[in-house]
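Colleague: heads up, no residue letters with this:
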């Protein structure tokens, strides 16, 4: 077996176990820590798949910045109220379990009944070149300038809207 295959299975196992542990923990902060482990495992998977930029962005943006935001929101919301809601409402608990089983069955079906794509090429050099920051930047600023600028304006409009709403709330 190649080292890439072994690393793929190791990171995939870590990601799957961390995901299961994340949703089964009763403490929301511990769940968030398992989510960080899951995102780090996904970054390892991206590295194995020669997507270096996405791996670095995964760690910096999601495991770093977004998780700080999640933990901040968790501390503000006091999640012990949510636990009482599921303890009192038995019908909701049964509904949630049914939905979880349906989603699990769908995922298992997709994993075990799918076939590998015929579009995949075995050219490792092209795969490594496609994941570099230089190639992503070249593609982003030549072929995808308009969507990139549109996303920038959309984020700017959302930021201005959030500032206006926050200013009205504090006045």
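Modeller: Cool, the structure landed. Just so we're clear, the structure is a prediction, and the values are computed from it rather than from any experiment. Residues are numbered from 1 along each chain as shown.

Colleague: least confident secondary structure element in the protein?
Modeller: Lowest mean confidence among the helices and strands of the chain (mean pLDDT, DSSP states H and E): helix 80-88, at a mean of 63.

Colleague: let me see the confidence value for the residue lying closest to residue 62 once chain neighbours are set aside.
Modeller: In space, and not counting its chain neighbours, residue 62 is closest to residue 39: 4.9 Å by C-beta to C-beta, 6 or more residues apart in numbering. Backbone N, C-alpha and C define where each C-beta goes, glycine included. For residue 39, the pLDDT comes out at 91.

Colleague: and for residue 116?
Modeller: pLDDT at residue 116 comes out at 64.

Colleague: kindly report the same for residue 120.
Modeller: 57.

Colleague: do residue 101 as well
Modeller: 93.

Colleague: what's the helix or strand for the residue nearest to residue 62?
Modeller: Applying DSSP states H and E as the criterion places residue 39 in helix 28-48.

Colleague: how about that helix: buried residues?
Modeller: Residues 28, 31-48 are the ones in helix 28-48 that count as buried (16 or more other C-beta atoms under 10 Å).

Colleague: what's the next secondary structure element after it?
Modeller: Following helix 28-48 toward the C-terminus (DSSP H and E): helix 52-57.

Colleague: neighbouring contacts of that following helix?
Modeller: 43-44, 46-47, 131-133, 136 (C-beta atoms under 8 Å, 6 or more residues apart in numbering).

Colleague: all the helices of this structure, in order from the start?
Modeller: 3-24, 28-48, 52-57, 67-77, 80-88, 90-113, 124-130, 133-142, 145-170 (DSSP state H).

Colleague: what about the last one, distance to the chain center?
Modeller: Helix 145-170 has its average C-alpha position 23 Å from the chain's average C-alpha position, going by C-alpha atoms, centre = their mean, to the nearest Å.

Colleague: tell me the angle it makes with helix 133-142.
Modeller: On the basis of axes from the mean of the first three to the mean of the last three C-alpha atoms, to 10 degrees, helix 145-170 is oriented at 90 degrees to helix 133-142.

Colleague: okay, now the unreliable bits of this structure?
Modeller: Regions of the chain meeting the criterion pLDDT under 70 cover residues 1, 77-87, 116-124, 127, 168-171.

Colleague: what count of nearby residues applies to residue 142?
Modeller: By the criterion of other C-beta atoms under 10 Å, residue 142 has 8 neighbours.
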